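Asks: Below: sequence and its predicted model.
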Amino acid sequence: MRVVIQDNYEKMCLWAANYIANRIKAHNAGPEKDRPFVLGLPTGSSPIGVYKELARMNKAGELSFANVVTFNMDEYLGLPHEHDQSYWYFMHDNFFNHLVDMKPENINILNGMTKDPVKECADYEAKIASYGGIDLFMGGIGVDGHIAFNEPFTSLASRTGLRNLTTDTRIVNSRFFGNDPEKVPSQALSVGVGTVTDSKEVLILINGHNKARALAATVEGGMSHKWTCSALQMHNGAIIACDEAACGELTVDTYKYFLDIEKKERL
Ligand SMILES: N[C@@H]1[C@@H](O)[C@H](O)[C@@H](COP(=O)(O)O)O[C@@H]1O
């Protein structure tokens, strides 16, 4: 696992946006350029700065999304696209509407209004597989370490499916629903932990003091379904991009190790 510690949120986002841009450019210049680059994407406050920077690069002509297919992590069950807290709305408002060459048919987001969640989720997995899997999955995590909506004790082998949200998560997310946890949907559709870890690369953003326990569990804790983020320890290409504020629960030697090793030149 790589842990890239940046001074603050802004620098973390710039680092992550550059990493993603370089991966897309390398793909488009390489032997696999005839197939699209498949990018997994999250919602939440963590990726907003990354989306801003990627959109800036795109508008400036530095990065094209014409050959990119996206798959989003999750969606609330029962919220239509036009609901301002649906993840469909979030993604268009914060990212897709700001890109000049993203093809709408290349955007994949689970349909929270489906009448058949089982089929919706099976079709999503099949569509990801039809592209040969996800090249790079960017994600965030919840304060309890959940990846996408894979709450504590979700199987680390889970696939895309229907999830019940914990009271904790509904309380945390109530800040977007007039501070009323009851207004937060109680279920969501979500890619599984296994769907994320099957990706060739995984890049997780962890920032802010409130994520300090989750960062420590991801990096230093034992692998456990109690912290679904800890599954990344079994992934061969996992990168955590974090800010100083999130490092408060790391032991000093872990913190120093990652600062030191990241100074070394990478092939
Ligand atoms: N389902 C989403 C997660 O995918 C996201 O990672 C998490 C963290 O959000 P934030 O980045 O706002 O802390 O929020 C929600 O629970």
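Replies: Perfect, thanks for sending it.

Asks: what's the distance between V172 and T254?
Replies: Distance, V172 to T254, by Cβ to Cβ, to the nearest Å: 26 Å. (Glycine included, C-beta is placed from N, CA and C.)

Asks: hey, which helix or strand in this structure has the poorest pLDDT?
Replies: helix 167-173 (a mean of 93; mean pLDDT, DSSP states H and E).

Asks: Need the residues that contact that helix.
Replies: Under the contact criterion Cβ atoms under 8 Å, 6 or more residues apart in numbering, helix 167-173 has outside partners 142-144, 146, 149, 151, 165, 181-182, 184, 186.

Asks: Buried ones in the next helix-or-strand element following it, by neighbour count?
Replies: Remark: after helix 167-173, the chain's next helix or strand is strand 187-190, criterion DSSP states H and E. For strand 187-190, burial by neighbour count (16 or more other Cβ atoms under 10 Å) applies to 188-190.

Asks: tally of neighbours for L63?
Replies: 23 (other Cβ atoms under 10 Å).

Asks: mind listing what the closest residue to it other than its chain neighbours touches?
Replies: Nearest residue to L63, sequence neighbours excluded (Cβ to Cβ, 6 or more residues apart in numbering): M57, at 4.0 Å. M57 makes contacts with 17, 21, 63, as judged by Cβ under 8 Å, 6+ apart.

Asks: could I get these as a markdown table with secondary structure?
Replies: Putting the contacts of M57 into a markdown table (DSSP: H, G, I helix; E, B strand; the rest coil) gives the following:
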| residue | secondary structure |
| --- | --- |
| A17 | helix |
| A21 | helix |
| L63 | coil |
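
Asks: quick one: which of those residues is nearest to the ligand?
Replies: Using Cβ to the nearest ligand atom, the shortest approach to the ligand within those belongs to A17, at 15.5 Å.

Asks: burial of that closest one, as a residue count?
Replies: A17 has 23 neighbours, counted by other Cβ under 10 Å.

Asks: same question, E262
Replies: 13.

Asks: The residue nearest the centre of the chain and the ligand: what is the separation?
Replies: In the chain, the centroid-proximal residue (Cα atoms, centre = their mean) is G139; its distance is 1.5 Å. With distances taken as Cβ to the nearest ligand atom, to the nearest Å, G139 is found 6 Å from the ligand.

Asks: Quick check: phi and psi on that residue?
Replies: Per-residue torsions, G139: phi -150, psi 170 (degrees, to the nearest 10).

Asks: I'd assumed I204 was in contact with it.
Replies: Yes. At 4.9 Å, G139 counts as touching I204 under the criterion of Cβ atoms under 8 Å.

Asks: Quickly list what's touching both of those two.
Replies: Joint contacts of G139 and I204 (Cβ under 8 Å, 6+ apart) are I147.

Asks: what residues does the stretch 101-250 of the chain put near the ligand?
Replies: 140-142, 148-149, 169, 173 (Cβ under 6 Å from any ligand atom).

Asks: got a winner among those for most neighbours?
Replies: That'd be A148 among those, by other Cβ under 10 Å, with 30 neighbours.

Asks: can you tell me which residues contact that residue?
Replies: 42, 73-74, 139, 190-193, 196 are the contacts of A148 under Cβ under 8 Å, 6+ apart.

Asks: so can I have JSON lines of those showing pLDDT and distance to D93?
Replies: Output for the contacts of A148, formatted as JSON lines (pLDDT from 0 to 100; distance: Cβ to Cβ, whole Å):
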{"residue": "P42", "pLDDT": "98", "distance to D93": "15"}
{"residue": "M73", "pLDDT": "98", "distance to D93": "17"}
{"residue": "D74", "pLDDT": "97", "distance to D93": "16"}
{"residue": "G139", "pLDDT": "98", "distance to D93": "19"}
{"residue": "S190", "pLDDT": "98", "distance to D93": "20"}
{"residue": "V191", "pLDDT": "98", "distance to D93": "21"}
{"residue": "G192", "pLDDT": "98", "distance to D93": "26"}
{"residue": "V193", "pLDDT": "98", "distance to D93": "27"}
{"residue": "V196", "pLDDT": "98", "distance to D93": "24"}
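
Asks: List just the nearest of those to E82.
Replies: Distance to E82 across those (Cβ to Cβ) is lowest for D74, with 18.2 Å.

Asks: I'm done for today, thanks for sticking with me.
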